[in-house]
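**Student:** Sequence plus predicted model, see below.
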Amino acid sequence: MHDTGEWQALSAHREALDGVHLRDLFDRDPQRGERLVAETDGLLVDYSKNRLTDETVAMLAALADRTGLRHRIEAMLDGEPVNTTENRPAWHAALRRPDPPPEIRQQLDHMAGFAADVRGGGWQAVVNIGIGGSDLGPAMATSALAAYADADLDVRFLSNVDGAHFGATTRGLDPARTLFIVVSKTFTTTETLANAITARAWVADAVGLEKAGGNFAAVTASPDKAREFGIDANAVFAMWDWVGGRYSLASAVGLSLMIAVGPDDFADMLAGMHYIDEHYRTAPWEENLPALLGLISIWNRNFWDWPTYGLLPYAQELALFPAYIQQLDMESSGKSVRADGTPAGVGTGPVVWGQPGTNGQHAFHQLLHQGTDIVPVEFVGFCRPNHPHIEHHDLLMANLFAQAEALAFGAPDTGDPHRSFPGNRPSTVVLADQLTPRSLGQLVALYEHKVFTQATVWGINPFDQWGVELGKTLASGIAAELTGAATPDPTRDSSTQSLINRYVACRRGVTR
Ligand code: F6P
């Protein structure tokens, strides 16, 4: 892609913007802040505080055309095998269609029936056991939609193999009245299985092993393994191999969320996702929110060479949103080769990090304002809160707007270098009316398709994650050594080996 005329033209155009301050761009063009925005269905993206012009947007749109983005979007949304290294579709969009294929409809009905039984079934808590895509989506969304949840039911999330997480997650719960949902596409993920086995023993201590299976449900593409674990077939929900883990919130992976908020709110979330799917399919690039976010990300990553961005929701309910998008973007975009196996040739996945405002302002914003590196920021905020404390909300949003303003424009030079705020630091504001199931669905789909837009320009496959495999294989070999089930590997490096030796010596005698 970097040898195309469109890419070269953008490089030259970027050089021409050297030395141009955001202040100049706004001074010269009083309508800039009203014009460089895109909006659909109550969701607004203001990208005017990025170092770009109308010409940049037109050139990025030409780049999108050159990559065949429109055709690629249709292929993805229509279920073609766009995940080429695994030769299958990445058809998460089918999960949220108003007219889904029969197997999806049946699954949604099965989930709704199960959720109703659980909500009315006298359970104290539901604990989702899963990791990565089998945890982050439902955990993020359940926390985001806390205002819509059934207050009588405690929905918790257990992911880390660290036993401390099991202890903290089950603290205060009655094992007999705790329902565990084991979510694992493969049903082989070590962390999830270790937690599921410990949970089963914990429940069995209270109700007996023969009855413990009644406290478990599963979501998996390997139903046989779930049944072998002792889970009733009626409590096993399918995962399809054409839905990737980090794209699976709308599938049965979202069962814990559906139990928390109920089937109607879950359906509203799906409707919000579908709305953005169709918007992405049809809107011109200049009005297309996911395409714009993705193309601006390319602009910042590849033409300005900024390798990271901060994702800062000004909404405590979205505290887990940065972690969710971290997996979505970094597991999808962390690739060095194109889909055809040739080198990517340009920088790909940016590093994503963040936490909610205003907390971040008292932690890392110093570097954003005065550090030597430029770090673009994406703010997410809402006009109306889900709580009655409007005065808090006004303060919260005042801070969001002030941060974006200060980053862009800085402050007049006082002559004191320590108090100098140069500004010219880019940011984008995503502003929605209110955090609702529908707008959350919109946000999730917005970012999914942002990531797809980037991947299409880079020519990479965003739907595989082979890089995760090496660590898993090595860890299982080392785990066998730690328990004495295997002898040390003589080919291992001296650093890893001495750390293992030190650990084994130190842990000796610890039996529980
Ligand atoms: O972290 C790697 C990964 O493969 C993720 O892509 C996936 O979401 C997670 O592990 C969990 O996998 P599973 O659902 O099979 O347990």
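**Tutor:** Sure thing, it's come through.

**Student:** count of neighbours near the residue of the stretch 201-350 of the chain found nearest the ligand?
**Tutor:** Nearest residue of the stretch 201-350 of the chain to the ligand: Gly245, at 2.6 Å (CB to the nearest ligand atom). (C-beta placed from N, C-alpha, C; glycine too.) Residues near Gly245, counting by other CB atoms under 10 Å, number 25.

**Student:** Just want the phi and psi numbers for the spatially closest residue to it that is not a sequence neighbour.
**Tutor:** Nearest residue to Gly245 in three dimensions, chain neighbours excluded: Gly133, at 2.5 Å (CB to CB, 6 or more residues apart in numbering). For Gly133, the backbone dihedrals (degrees, to the nearest 10) come out as phi -60, psi -20.

**Student:** and the stretch 301-450 of the chain, which residues reach the ligand?
**Tutor:** Glu331 (CB under 6 Å from any ligand atom).

**Student:** Just the helices from the stretch 301-450 of the chain, written as ranges.
**Tutor:** 321-326, 332-333, 365-370, 390-409, 437-458 (DSSP state H, counting those that start in this stretch).

**Student:** between those, which gets nearest to Glu34?
**Tutor:** Nearest to Glu34 among the helices of the stretch 301-450 of the chain is helix 390-409 (15.1 Å), distances taken as CB to CB.

**Student:** Buried residues in that closest one, which are they?
**Tutor:** 393, 396-397, 399-400, 403-404, 406-409 (16 or more other CB atoms under 10 Å).

**Student:** Residue ranges of each domain in the protein, please.
**Tutor:** 5-66+283-464, 98-264, 467-511 (automatic domain parsing).

**Student:** now those as JSON lines including mean pLDDT?
**Tutor:** Listed next are the domains of the chain as JSON lines, based on pLDDT from 0 to 100:
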{"stretch": "domain 5-66+283-464", "mean pLDDT": "97"}
{"stretch": "domain 98-264", "mean pLDDT": "97"}
{"stretch": "domain 467-511", "mean pLDDT": "88"}
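
**Student:** quick one, which of those is nearest to Asp78?
**Tutor:** Of all the domains of the chain, it is domain 98-264 that lies closest to Asp78, at 12.1 Å by CB to CB.

**Student:** mind giving me JSON lines with the domains of the chain and columns for distance to Glu86?
**Tutor:** Shown next, in JSON lines, are those (distance: least, CB to CB, whole Å):
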{"stretch": "domain 5-66+283-464", "distance to Glu86": "6"}
{"stretch": "domain 98-264", "distance to Glu86": "8"}
{"stretch": "domain 467-511", "distance to Glu86": "12"}
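
**Student:** quick one: the helices in the stretch 1-150 of the chain?
**Tutor:** Using DSSP H, counting those that start in this stretch, the helices of the stretch 1-150 of the chain run over residues 5-16, 22-28, 32-35, 54-66, 69-77, 92-95, 102-119, 136-144.

**Student:** The ligand: which of these is closest?
**Tutor:** helix 136-144 (7.9 Å).

**Student:** Please give the centre-to-centre distance between that closest one and its chain.
**Tutor:** Centroid separation between helix 136-144 and its chain, computed with CA atoms, centre = their mean, to the nearest Å, is 10 Å.

**Student:** Run the angle between the helix or strand following that helix and helix 102-119 for me.
**Tutor:** Next helix or strand after helix 136-144 toward the C-terminus (DSSP states H and E): strand 154-158. Orientation check (axes from the mean of the first three to the mean of the last three CA atoms, to 10 degrees): strand 154-158 against helix 102-119 gives 120 degrees.

**Student:** mind listing what's buried in stretch 186-200?
**Tutor:** The neighbour-count check on stretch 186-200 (16+ other CB under 10 Å) flags 187, 189, 191-196, 198-200 as buried.

**Student:** As JSON lines, those residues with distance to Val380 and secondary structure would be great.
**Tutor:** Shown next, in JSON lines, are the buried residues of stretch 186-200 (distance: CB to CB, whole Å; DSSP: H, G, I helix; E, B strand; the rest coil):
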{"residue": "Phe187", "distance to Val380": "34", "secondary structure": "coil"}
{"residue": "Thr189", "distance to Val380": "30", "secondary structure": "coil"}
{"residue": "Glu191", "distance to Val380": "29", "secondary structure": "helix"}
{"residue": "Thr192", "distance to Val380": "29", "secondary structure": "helix"}
{"residue": "Leu193", "distance to Val380": "35", "secondary structure": "helix"}
{"residue": "Ala194", "distance to Val380": "34", "secondary structure": "helix"}
{"residue": "Asn195", "distance to Val380": "31", "secondary structure": "helix"}
{"residue": "Ala196", "distance to Val380": "34", "secondary structure": "helix"}
{"residue": "Thr198", "distance to Val380": "36", "secondary structure": "helix"}
{"residue": "Ala199", "distance to Val380": "34", "secondary structure": "helix"}
{"residue": "Arg200", "distance to Val380": "39", "secondary structure": "helix"}
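
**Student:** Considering only these, which also neighbour the ligand?
**Tutor:** Among the buried residues of stretch 186-200, the residues within reach of the ligand (CB under 6 Å from any ligand atom) are 189, 192.

**Student:** Tell me the one of the buried residues of stretch 186-200 nearest the ligand?
**Tutor:** Among these, and counting by CB to the nearest ligand atom, the member closest to the ligand is Thr189, at 3.2 Å.
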